[in-house]
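Engineer: coordinates only, sequence not included:
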């Protein structure tokens, strides 16, 4: 196993020199990137962080990724766990670039078929038994090179729920944000719409980790929010350590949209049912209280942002390792036939 790729000097310059050429390359025995997709029985659970893979890698390494499942490219996401071999069952070789450890139980069985260029952070490197220099940061930081904000700011504050909360309580969170004058960002929106909304925000409050990662990359200060213990703190801590900041989340209530039968029309339809009235009032009360809490957090908590120097150094290091990956592809390192 290639347990980690060492840094190259002047990686950014080297990448810049060949970036245009790579747009026209077509390599033999290419590979397919893997990113998490919820089971088909859960429609609507599209997640910004996972979907960012297709958008970003197509711009950075065009001509390399295709539908060949014999080599798997594991990029952005919390994908390094005991289920990885089940999720890429046809892969004879596995390439890891900036992924993180987490979810499910155990770590993957890593052998000589793996090539690891970098992982999300020091906690992932330690969990996998890799040296510290394999830890860089989340690959989403590379949007700094392919997405240019306009500099325009639309909202003082905006809130970006975890994609599961957007699925369960989209109308509720929209109403909360509207009530307190916040922008609302849905992690299920198209990639560039999400990035534009983040870039146009002065301070981002986010339960979506890749909201914070992209915000940090685009120099938008952020405040982490949690509404459920299902949020994996390990991945947040892993990434936060990579950019040199402390992770201190703030808690809000988990919300759900009010079921139609408990709305005003529903109450009239069932002649003032006590259960409907109670559910409607509880939802209204929780929404009002959460709006007040979110506004208070925004006004009293100092947002987080990595240093300009740190994020640029990490971006250059990611570019350097991506260039090494491209060199290995050109040299036929991943050819199987």
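Structural biologist: Received it, and whenever you're ready, just let me know what you need. Here the structure is a predicted model, which means the values were calculated and not measured.
Engineer: mind listing what's buried in stretch 66-74?
Structural biologist: By 16 or more other CB atoms under 10 Å, the buried positions in stretch 66-74 come out as 68, 70-74. From N, CA and C alone the C-beta is placed, and that goes for glycine too.
Engineer: my bad, stretch 85-93
Structural biologist: For stretch 85-93, by 16+ other CB under 10 Å, it's 88, 91, 93.
Engineer: Select the helix or strand of the protein having the lowest average pLDDT value.
Structural biologist: helix 11-22 (a mean of 34; mean pLDDT, DSSP states H and E).
Engineer: What are the boundaries of the strands in the stretch 1-150 of the chain?
Structural biologist: 32-34, 71-74, 78-80, 93-101, 114-119 (DSSP state E, counting those that start in this stretch).
Engineer: is it possible to export the ones you listed to a markdown table including mean pLDDT and distance to residue 317?
Structural biologist: Shown next, in a markdown table, are those (pLDDT from 0 to 100; distance: least, CB to CB, whole Å):
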| stretch | mean pLDDT | distance to residue 317 |
| --- | --- | --- |
| strand 32-34 | 82 | 21 |
| strand 71-74 | 94 | 18 |
| strand 78-80 | 93 | 19 |
| strand 93-101 | 96 | 10 |
| strand 114-119 | 98 | 8 |
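Engineer: Including distance to residue 165, could those strands go into TSV?
Structural biologist: Formatted as TSV, the strands of the stretch 1-150 of the chain follow (distance: least, CB to CB, whole Å):
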stretch	distance to residue 165
strand 32-34	25
strand 71-74	26
strand 78-80	18
strand 93-101	21
strand 114-119	27
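Engineer: Quick one: closest of these to residue 246.
Structural biologist: Residue 246 sits nearest to strand 93-101 of all these, at 18.0 Å, using CB to CB.
Engineer: Each with direction, which strands does that closest one pair with?
Structural biologist: If you go by DSSP bridges, strand 93-101 pairs up with strand 71-74 (parallel), strand 78-80 (parallel), strand 114-119 (parallel).
Engineer: can I get these in a markdown table with distance to residue 188?
Structural biologist: A markdown table is the format used below for these (distance: least, CB to CB, whole Å):
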| stretch | distance to residue 188 |
| --- | --- |
| strand 71-74 | 23 |
| strand 78-80 | 18 |
| strand 114-119 | 27 |
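Engineer: Neighbours of residue 336, how many?
Structural biologist: Residues contacting residue 336 under the criterion other CB atoms under 10 Å number 11.
Engineer: so who does it touch?
Structural biologist: 29, 70-71, 92-93 (CB atoms under 8 Å, 6 or more residues apart in numbering).
Engineer: Let's have those residues in a markdown table, adding distance to residue 200.
Structural biologist: What follows is the contacts of residue 336, written out as a markdown table (distance: CB to CB, whole Å):
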| residue | distance to residue 200 |
| --- | --- |
| 29 | 42 |
| 70 | 42 |
| 71 | 38 |
| 92 | 44 |
| 93 | 41 |
